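**Student:** Output the structure for:
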Amino acid sequence: MTSFSHVRSRWKLRLPKEDAISVSLEGRVVTARSEPYPQPSPAEIMEIARAREASLSRLLIAYVSSGLVFMLLPGTFLGVWNLLQISGRESAASVSPAWLQAHGHAQVFGWIGSFVFGIGFYSIPKLRGATKPSFGAAWACWAIWTIGVAARWAGNIYAWQWHVLLPLSGVVELAAFLIFFRAVSQHRPEDSSNERLEPWVCVVISASVGLMLVLIANLAACVYLALRGATPALSHVPDQRYLTLVTWGFLVPFVWGFSAKWMPVFLGLKPVRSKLLLSALVVNFAGVVLTLLGWGAGATVLFVLGTAMAIAALRMFETAQREPKTRGVHRSFPFFIRMAYGWLLVAALLGVVATLWDSSGGIWGASRHALTVGFIAVMVLCVGQRILPAFAGMRLLWSTRLMFAGLALLTLGCTLRVSSEVLAYQEYAGWAWSVLPVSALLELAGITAFAMNIFGTFILEPSHAQKQPLVVGIN
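**Tutor:** From the prediction side, this is the model:
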């Protein structure tokens, strides 16, 4: 579908051909009819579409670029530094919990959150048929969100005025989400006759609710720490429950939702089993509730069950009925997508094992790393390099070989990290401590390759939207 037909149809709705004006003069009715409004020419319509596409692309690039900066420096680099300290002293207690939580906050909110908001502002106005996207609100959201995440990271790392910075950052981040929610909720489908939402939309909405709950919990924790905390870090038990809400309540269903939307197209899979996917979502939500209530052992079983149901619903490991669409990306794209879902299952199973045998936090850490890096990060690296070049002005990915290198390095690093963390922390093998730094550097290299490829795409690849202002979509 081109912007030409889309914009022209909206011009017809906004510009009626004639307006009738009736004036009563001593019992006589005089009807005056105004001249028809001039219809825009095809060249004007194309120019409107081109300007709109360019504005949305600039907005998306800003969100993605700030997300990549958070991913590299406050996120991944700090995580590598933390792991080097832990492995050097062979103790997880050697690193400040505030630094560990700053690393996680930068990764989830600074990286993933920025990507979610950017793609949301870019896509939803088109999906909802908006004539004038809320660019002012979108740019305000970007500035507020970036400031909030940076303030939280600085408060945790430098401990400077953290009693003020933590609650302030929590308020600002929640405010940014509310701006995002208000902007995108104002748009309505062009075809309002079909009121039933598609299953993938329901899953994404549940993930958005999960994000809102995460931000509310984050604000409550920040206020509590500011009033009663001795350090800018949550204690172990509430932090673990909060992380479960972040991962299984927000990140996992978010990926499930867009997998249901895009993977049948990208991988050529059979249609999604919608009822089974929604059932998996309910089971997963029950696991989150049990965790928050303190029944972690039962929750881990539900996470395994929900994951297995979601994989079956998405038909992730079934034979494809069509050839996968790998044009513009590396041909290994389908392999890494399926591997990511394998990591999700590993993460859920390790959670069950941790409730039975973990004595030092190593198995829990391995489970969380398999989820956040093996599943979430690998999915972002795969799907991000598939859709972001097209969204950012219809560009081509800078290097498909660099895409493969980044995914291979990240996967290898994650494999070493998950296995060696269990062996080292549980004191099964002393040599595993020396493997942890290697895994961290490999993951850093993979993440850096991803950032280089996206920045290279934005900077070095030409935008084709100037010649063909199409509505970019994944069909």
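
**Student:** Quick check: pLDDT value at residue 351.
**Tutor:** Residue 351 carries a pLDDT value of 97.

**Student:** Which of the helices or strands spans it?
**Tutor:** Assessed by DSSP states H and E, residue 351 sits inside helix 333-357.

**Student:** Check which element follows that helix along the chain.
**Tutor:** Using DSSP H and E, the helix or strand that follows helix 333-357 towards the C-terminus is helix 362-369.

**Student:** CA atoms only for that following helix, dumped as PDB, please.
**Tutor:** Coordinates of each C-alpha in helix 362-369 appear next as PDB, following Å, rounded to 0.1, in the frame of the first residue of the first chain:
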ATOM      1  CA  GLY A 362      24.600 -19.300  40.300                       C
ATOM      2  CA  ILE A 363      21.800 -21.300  38.700                       C
ATOM      3  CA  TRP A 364      19.300 -18.400  39.200                       C
ATOM      4  CA  GLY A 365      21.900 -16.100  37.500                       C
ATOM      5  CA  ALA A 366      22.300 -18.600  34.600                       C
ATOM      6  CA  SER A 367      18.600 -18.800  34.200                       C
ATOM      7  CA  ARG A 368      18.200 -15.000  34.000                       C
ATOM      8  CA  HIS A 369      21.100 -14.700  31.600                       C
END
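
**Student:** where's residue 63 relative to residue 123, distance?
**Tutor:** As for residue 63, its distance to residue 123 is 12 Å (criterion: Cβ to Cβ, to the nearest Å). The way it works is simple: take the backbone N, C-alpha and C, and place the C-beta from them, glycine included.

**Student:** For these two, work out which one has more neighbours and name it.
**Tutor:** residue 63 (25 against 18; other Cβ atoms under 10 Å).

**Student:** Report the secondary structure state of that one.
**Tutor:** helix (DSSP: H, G, I helix; E, B strand; the rest coil).

**Student:** number of nearby residues for the nearest residue to it once chain neighbours are set aside?
**Tutor:** Excluding its sequence neighbours, the residue lying closest to residue 63 (Cβ to Cβ, 6 or more residues apart in numbering) is residue 118, at 2.6 Å. When neighbours are counted by other Cβ under 10 Å, residue 118 registers 27.

**Student:** From the contact counts, what lies against the helix or strand hosting residue 102?
**Tutor:** According to DSSP H and E, residue 102 maps onto helix 97-105. Secondary-structure packing of helix 97-105 (3 or more Cβ pairs under 8 Å, 6 or more residues apart in numbering; DSSP states H and E): helix 78-89, helix 135-158, helix 236-246.

**Student:** What average pLDDT does stretch 458-468 get?
**Tutor:** Rounded mean pLDDT across stretch 458-468 is 77.

**Student:** Ok, stretch 360-368 next?
**Tutor:** 94.

**Student:** Repeat that for stretch 263-279.
**Tutor:** Computed over stretch 263-279, the average pLDDT equals 96.

**Student:** picking up where we left off before, I'd like the next helix or strand past the helix holding residue 102.
**Tutor:** helix 114-127.

**Student:** Could you quantify the relative orientation of that next one and helix 135-158 as an angle?
**Tutor:** With axes from the mean of the first three to the mean of the last three Cα atoms, to 10 degrees applied, the angle from helix 114-127 to helix 135-158 works out at 170 degrees.

**Student:** roughly how far out does helix 114-127 sit from the chain middle?
**Tutor:** Here the centre of helix 114-127 is set off from its chain's centre by 10 Å, with Cα atoms, centre = their mean, to the nearest Å.

**Student:** try stretch 297-312
**Tutor:** Using Cα atoms, centre = their mean, the offset of stretch 297-312 from its chain centre is 21 Å.

**Student:** oh, and call the first residue 6 from now on, that's how I've got it
**Tutor:** OK, 6 is where the count begins now, so the last one is stretch 302-317.

**Student:** list the buried ones in that stretch?
**Tutor:** Buried residues in stretch 302-317, counted by 16 or more other Cβ atoms under 10 Å: 304-316.

**Student:** Just the pLDDT for the closest residue to residue 356 other than its chain neighbours.
**Tutor:** Counting by Cβ to Cβ, 6+ apart, residue 305 is the residue found nearest to residue 356 once chain neighbours are left out, at 3.9 Å. You'll see residue 305 listed with a pLDDT of 97.

**Student:** same question, residue 30
**Tutor:** The confidence metric pLDDT takes the value 34 at residue 30.

**Student:** Distance from stretch 332-351 to the middle of the chain?
**Tutor:** 17 Å.

**Student:** and what of stretch 375-395?
**Tutor:** That offset, for stretch 375-395, works out to 9 Å (Cα atoms, centre = their mean).

**Student:** do the same with stretch 275-292
**Tutor:** Computed by Cα atoms, centre = their mean, the chain-centroid distance of stretch 275-292 equals 19 Å.

**Student:** Same check on stretch 253-269?
**Tutor:** Its chain's C-alpha centre and that of stretch 253-269 lie 9 Å apart, by Cα atoms, centre = their mean.

**Student:** again with stretch 181-188
**Tutor:** With Cα atoms, centre = their mean, you get 15 Å for stretch 181-188.

**Student:** In it, which of the residues would be classed as buried?
**Tutor:** 181, 182, 184, 185, 188.

**Student:** Report the mean confidence score over that stretch.
**Tutor:** pLDDT averaged over stretch 181-188 gives 92.

**Student:** Not counting it itself, show me its contacts.
**Tutor:** 122, 125-126, 139, 142-143, 145-146, 149-150, 153, 213, 216-217, 220 (Cβ atoms under 8 Å, 6 or more residues apart in numbering).

**Student:** From residue 52, how far out is residue 424?
**Tutor:** Distance from residue 424 to residue 52, by Cβ to Cβ: 57 Å.

**Student:** what's the weakest-modelled helix or strand in the protein?
**Tutor:** Within the chain, judged by mean pLDDT, DSSP states H and E, the helix or strand with the poorest mean is strand 25-30; its value is a mean of 36.

**Student:** average pLDDT across stretch 44-62?
**Tutor:** Throughout stretch 44-62, pLDDT has a mean value of 76.

**Student:** Pull out the buried positions in that stretch.
**Tutor:** Those would be 45, 50, 51, 53, 54, 55, 57, 58, 61, 62, for stretch 44-62 by 16+ other Cβ under 10 Å.

**Student:** Can you pull the poorly scored residue ranges out of the stretch 156-305 of the chain?
**Tutor:** By pLDDT under 70, the low-scoring segments of the stretch 156-305 of the chain are 191-200.

**Student:** can you pull out the strands in it?
**Tutor:** Taking DSSP state E, counting those that start in this stretch, the stretch 156-305 of the chain contains no strands at all.

**Student:** No further queries at this time; thank you.
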